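In: Coordinates for the following, if possible.
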Amino acid sequence: MMENQERVEKFIEEHDLEGKTAYRILDLLAEAGEVAADAAKSSDYGMSEEDLEVKRDEIGDVFFSLLAVASDLGIDAEAALEESLEKYESRISDSGSPGSGE
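Out: Below you'll find the model as predicted:
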């Protein structure tokens, strides 16, 4: 994943797409909203799960935005993912559920 994060950083630099981190976070949420809109529209708001369809490029947009946010914050996205996986594994081991219980 680090390679992808570096590719996003380079793309942003090459195309003069630098911006404020707060803007990037809002953009990430907007992109996630587009995924949700695809899902809601295609599945009749979840009533027809078998019709669920999300465009691959929308997932890519979320991924791009997330990696851009991670870079802005100085977070290694791959290390963050590993930390999350370990956290969920620990929760499942301790309680049988990946949820935080809060």
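
In: Please enumerate the helices of the chain.
Out: For the chain, the helices defined by DSSP state H cover 2-14, 21-42, 56-72, 77-95.

In: For the second one, buried residues please.
Out: Read it as helix 21-42. 24-25, 27-28, 31-32, 34, 38-39 (16 or more other CB atoms under 10 Å). In this view, the C-beta of every residue, glycine as well, is placed from N, C-alpha and C.

In: helices and strands around it, which ones?
Out: Helix 21-42 is packed against helix 56-72, with contacts defined by 3 or more CB pairs under 8 Å, 6 or more residues apart in numbering; DSSP states H and E.

In: where does this structure have low pLDDT?
Out: Along the chain, segments meeting pLDDT under 70 span 102.

In: how about 80 then?
Out: Applying pLDDT under 80 to the chain flags the ranges 1, 101-102.

In: how distant is stretch 81-89 from the center of its chain?
Out: 15 Å (CA atoms, centre = their mean, to the nearest Å).

In: Contacts for it next, please.
Out: The contact list for stretch 81-89, computed with CB atoms under 8 Å, 6 or more residues apart in numbering, reads 1, 98.

In: quick one on the thing from earlier: could the helices of the chain be laid out in TSV, adding distance to Glu49?
Out: Shown next, in TSV, are those (distance: least, CB to CB, whole Å):
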stretch	distance to Glu49
helix 2-14	30
helix 21-42	10
helix 56-72	18
helix 77-95	24
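
In: so which of these comes closest to Glu50?
Out: Glu50 lies closest to helix 21-42 among the helices of the chain, at 10.2 Å (CB to CB).
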